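pasting the sequence and the predicted model now:
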Amino acid sequence: MHLRVWVAVLFVASVLAAAVVNVRDDSGPVNATRGPLLPSTTLPVPETVPETTTTAPAAPEVTQPVTTLPPPPPVSANEARVLVSPSGVTLAVQGQEPGGAWKVMTPCGRTTVVNGGTLLPAMHVVLDPGHGGIEPGAVGPTGYKEKELNLAVAFEAKAALERAGVSAVLTRTGDYRMTLDARGRFVHTVKPSAFVSVHHNAEPDGPFPRPGAETYYQVGNAESKRLSGLIYEEVVKALSQYDVAWVADTDAGAKYRRNVKGDDYYAILRRTQGVTASLAELGFISNPPEEALYRRPDVQRVEGEAVARGILRFLTTKDPGSGFTEPYPRDSPAGSGGGSSPSCIDPAL
């Protein structure tokens, strides 16, 4: 049965149960149709930074299902989409050889054969930690690399989704390069209900009264826009508990960006068209107080769980999201974002 049909059936059952059950968690009443992890109404984006400190309690941990999603269908040799190699690298399955080995696409976009490993069923969500390998992404003032932070946050988001009963897989599971073409082909092989590319930013316009998160959606895609707005809400709310000197671009928010042809500016959004996608720049690693904050494992978990809550709300509610803004024109070219094939070196599989 289609995912949204299952969700509709379960929503009706939950409403009936809510009439007799008063569900609470440590933070107060919650909506019984969603569980304790999602707000009962659309979250407002903070207008100012709350008067809190860097020791403020973390956002609620995603530990229970928001609703029971139908499990992906059992995997078979004919339907295999992802192989986790013996070394832990996730690979898009291209087919099976007569002797039983798997034909797969490598992170550099090449085709090879792998013996052994673990097949994964169809996944609800694909998370994409940006950059990797010799491509560090943005680098903080004390040398903390975006590629490391993106991977840590993506692992936290994956764990939070799985605790909520939603299956998720990462495009990149270690410190190696992955081309943009390979990332796009990976996503189209998996065919998830949502795809999120996790990044952290650099070169802000200046100080800002709240966290300077930016989420980009696919041009003309209403569901991509909704996903981006929900992730933006959750990330801004989660990071606003920390009292730091935030920076941002003046058009911070959930937005699109066009290239000269009028299509999506960012290649990861162009290459994943046909799948609901969002590119999330969660904050500015180039900002000294933010870099210090993002080094902390507890803050990485807060970021990952915020991303997960946004995805869960996208999958299980009709919430529209917010923070939508019109982008100002930019002339600079996009970064490589995932390496180029000729110079890309694959990890050991």
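Yes, it's here. Numbering: from 1, shown residues only.

tell me the helix or strand right after the helix or strand where V153 lies.
With elements delineated by DSSP states H and E, V153 resides in helix 146-163, which encompasses its position. Using DSSP H and E, the helix or strand that follows helix 146-163 in sequence is strand 168-170.

what's in contact with that next one?
Contact with strand 168-170 is made by 82, 90, 120, 123-129, 154-155, 157-158, 161-162, 190, as judged by CB atoms under 8 Å, 6 or more residues apart in numbering. For the C-beta atoms, the positions are set from N, CA and C on the backbone; glycine is no exception.

what helices or strands is whatever helix or strand comes next after it leaning on?
Stepping forward along the backbone from strand 168-170, the first helix or strand reached (DSSP H and E) is helix 180-190. Secondary structure elements in contact with helix 180-190, counted by 3 or more CB pairs under 8 Å, 6 or more residues apart in numbering; DSSP states H and E, are strand 90-96, strand 102-105, strand 125-129, helix 267-270.

now the first one: buried residues?
So the one you mean is strand 90-96. T90, L91, A92, V93, Q94, Q96 (16 or more other CB atoms under 10 Å).

who does the closest residue in space to the second one that isn't next to it in sequence bridge with?
Leaving aside its chain neighbours, L91 sits nearest to V104 (3.9 Å; criterion: CB to CB, 6 or more residues apart in numbering). Note on V104: beta-bridge partners V93, T112, judged by DSSP bridges.

how's the protein carved up into domains?
Here the domain assignment for the chain is 1-36, 123-343, based on automatic domain parsing.

for the lengthiest helix in the chain, C-alpha coordinates in CSV please.
Secondary structure of the chain per DSSP state H: the longest helix is helix 297-316. Coordinates of the C-alpha atoms in helix 297-316 are reproduced here as CSV (Å, rounded to 0.1, in the frame of the first residue of the first chain):
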residue,chain,number,x,y,z
PRO,A,297,28.8,16.0,19.8
ASP,A,298,25.6,17.0,21.8
VAL,A,299,25.0,19.9,19.3
GLN,A,300,25.6,17.6,16.4
ARG,A,301,22.9,15.4,17.8
VAL,A,302,20.6,18.4,18.2
GLU,A,303,21.2,19.4,14.6
GLY,A,304,20.6,15.8,13.3
GLU,A,305,17.4,15.4,15.3
ALA,A,306,16.1,18.7,14.1
VAL,A,307,16.7,17.5,10.5
ALA,A,308,14.9,14.2,11.3
ARG,A,309,11.9,16.0,12.9
GLY,A,310,11.5,18.1,9.8
ILE,A,311,11.6,15.0,7.6
LEU,A,312,9.2,13.1,9.9
ARG,A,313,6.7,16.0,9.7
PHE,A,314,7.0,16.0,5.9
LEU,A,315,6.2,12.2,5.8
THR,A,316,3.4,12.1,8.4
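
centroid residue for this structure?
The chain has V196 as the residue nearest its centroid, 3.5 Å off, counting by CA atoms, centre = their mean.

so what pLDDT did that one get?
Each residue has a pLDDT score; the one for V196 is 98.

in contact with it, which residues?
For V196, the contacting residues are 125-128, 157, 227, 231, 277-280, 307, 311, by CB under 8 Å, 6+ apart.

three-state assignment of it?
Following DSSP: H, G, I helix; E, B strand; the rest coil, we place V196 in the strand state.

what's the burial count for the closest residue to it other than its chain neighbours?
Closest residue in space to V196, ignoring its immediate chain neighbours: S278 at 5.1 Å, by CB to CB, 6+ apart. Applying other CB atoms under 10 Å, we find 33 other residues in the vicinity of S278.

tell me the secondary structure for S278?
Going by three-state DSSP, the secondary structure assigned to S278 is strand.

what's near enough to touch it?
Applying CB under 8 Å, 6+ apart to S278 gives the contacts A194, F195, V196, S197, T215, Y216, Y217, S224, L227, S228, I231.

farthest pair within those?
A194 and Y216 (14.3 Å; CB to CB).

tell me the pLDDT of P121.
We note a pLDDT of 80 for P121 in this prediction.

could I get the contacting residues of the nearest residue to A238 once chain neighbours are set aside?
For A238, the nearest residue in space outside its immediate sequence neighbours is A306; the separation is 3.8 Å by CB to CB, 6+ apart. For A306, the residues meeting the contact criterion (CB under 8 Å, 6+ apart) are A59, I231, E234, V235, K237, A238, L239.

now, these that are in helices?
Per DSSP H, helices hold the following members of the contacts of A306: I231, E234, V235, K237, A238, L239.

for the second one, the count of nearby residues, please.
Just to be clear, that refers to E234. E234 is surrounded by 26 other residues when neighbours are defined as other CB under 10 Å.

from here on, call the first residue 33.
From this message on, residue numbering opens at 33, which makes the last subject E266.

pretty sure it contacts L344?
No: checked against CB atoms under 8 Å, the pair E266 and L344 is beyond contact range at 9.2 Å.

name the nearest of the contacts of A338 relative to P379.
Closest to P379 out of the contacts of A338 is I263 (28.4 Å), distances taken as CB to CB.

residues contacting that closest one?
With contact set as CB under 8 Å, 6+ apart, I263 has these partners: V228, T247, A286, S310, A312, A338, V339, G342, I343, G353.

right, I'll leave it there.
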